[in-house]
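here you go, sequence then predicted model.
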Amino acid sequence: MSEKINENRRQALTKGTNIAMAATVLGAMGVTSTATAMEQKANDKYAEPKEYGLKRFPMTIDKQRVALVVVDPQNDFLSPNGIMWGVLKETIQKNNTIENIEMLFKTAKEVNMPVFVSPHHYYPTDDFHFGSPGEHFMHDSGMFARKGPYTMEGFEGSGADFVERYKPYIFDGKTVIASPHKVFGPETNDLVFQLRKRKIDQVILAGMAANLCIDSHMRELVEQGFEVTVIKDATAGPTIPEGDGYLAALVNYRIIANDLWTTKEAVEKMKKA
């Protein structure tokens, strides 16, 4: 893995992905940028079903047991200069993901709710000998790259850095920043340990990306005995030839998560708890 992200390569990748995505979407739909009935129909696929097939068991916030967990609030996902922006932009903008994540940070701080961040970082020594297509892409493109675990050189403003507007919440001396996870889930970091040591077993989960790290964090936290609610519009997923990542994630959230809220619902519940 390169020690330094090549900015030109990142921008070229993002630009190329944007062009390819725009051509694919517009070509397939046969439309201009003006909203059409087909676009409306496509947007509706993310709406909650009128009737669920499985009985719902809503989560009620217990202030003594709950925390907000934000996964990968980093530039490579959420910045226009980020490596993944080209394939995430569509659902980020549709969901107002960037603003919604900030609203969750802000509300958690206002009501004195514990906040945890589970970041994704790679160091030059993370020279893995095998991996999935997703892992290879992250390593080959230099996503989340840092020069080392004990240096901040080159970190500021990099793809691995946190989104600037989130830093006042993350670096307030109270937010717990877990050690970096290395693939998608928290099995490779100390998030679960940090939560357990504070007797937290309810998690409000948000961040990036919907079908990858959020899905994996949700699954592992549920397996570890946590009650997990995912905030559906405080995340986003890629639209790629392999499929619609955000839609795939929503299906899993509805079945596996204890509850599924919008940011508006989450804020109301956090303030009332």
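Yes, it's here.

residues in contact with the residue most central in space within the chain?
The chain has residue 208 as the residue nearest its centroid, 1.0 Å off, counting by CA atoms, centre = their mean. Residues near residue 208 by CB atoms under 8 Å, 6 or more residues apart in numbering: 71-74, 77-78, 88, 97, 214, 235-236. No exception for glycine: its C-beta is placed from N, CA and C like everyone else's.

next: residue 189.
By CB under 8 Å, 6+ apart, the neighbours of residue 189 are 118, 178-182.

between the contacts of residue 208, which is nearest residue 108?
Nearest to residue 108 among these is residue 73, at 12.8 Å by CB to CB.

which residues of this structure fall in strands?
Along the chain, the segments classed as strands by DSSP state E run 66-71, 115-118, 176-177, 202-207, 227-231, 239-240, 243-244, 259-261.

and the first one, how far from the chain's centre?
Read that as strand 66-71. 12 Å (CA atoms, centre = their mean, to the nearest Å).

just checking: what are the partner strands of it?
strand 115-118 (parallel), strand 202-207 (parallel) (DSSP bridges).

tell me the angle it makes with strand 227-231.
Using axes from the mean of the first three to the mean of the last three CA atoms, to 10 degrees, the direction of strand 66-71 lies 50 degrees away from that of strand 227-231.

buried ones in strand 66-71?
When burial is assessed from 16 or more other CB atoms under 10 Å, strand 66-71 yields the following buried residues: 66-71.

could you list the domains of the protein?
Per automatic domain parsing, the structural domains of the chain span 7-43, 61-272.

most packed of these?
Comparing the domains of the chain by mean neighbour count (mean count of other CB atoms under 10 Å), domain 61-272 comes out on top with a mean of 19.

show the average pLDDT along it.
When pLDDT is averaged along domain 61-272, the result is 95.

from the chain's centroid, how far away is it?
4 Å.

next one: stretch 50-57
Worked out by CA atoms, centre = their mean, stretch 50-57 lies 25 Å from the chain centre.

which of the residues in that stretch are buried?
Applying 16+ other CB under 10 Å to stretch 50-57 flags no residue as buried.

what about that stretch, start to end distance?
17 Å (CA to CA, to the nearest Å).

before we move on, what about stretch 199-219?
Calculated as CA to CA, the first-to-last residue distance of stretch 199-219 is 19 Å.

pLDDT at residue 35, what is it?
Residue 35 is given a pLDDT of 45.

give me the phi and psi for residue 163.
The phi and psi values for residue 163, taken as degrees, to the nearest 10, are phi -60, psi 130.
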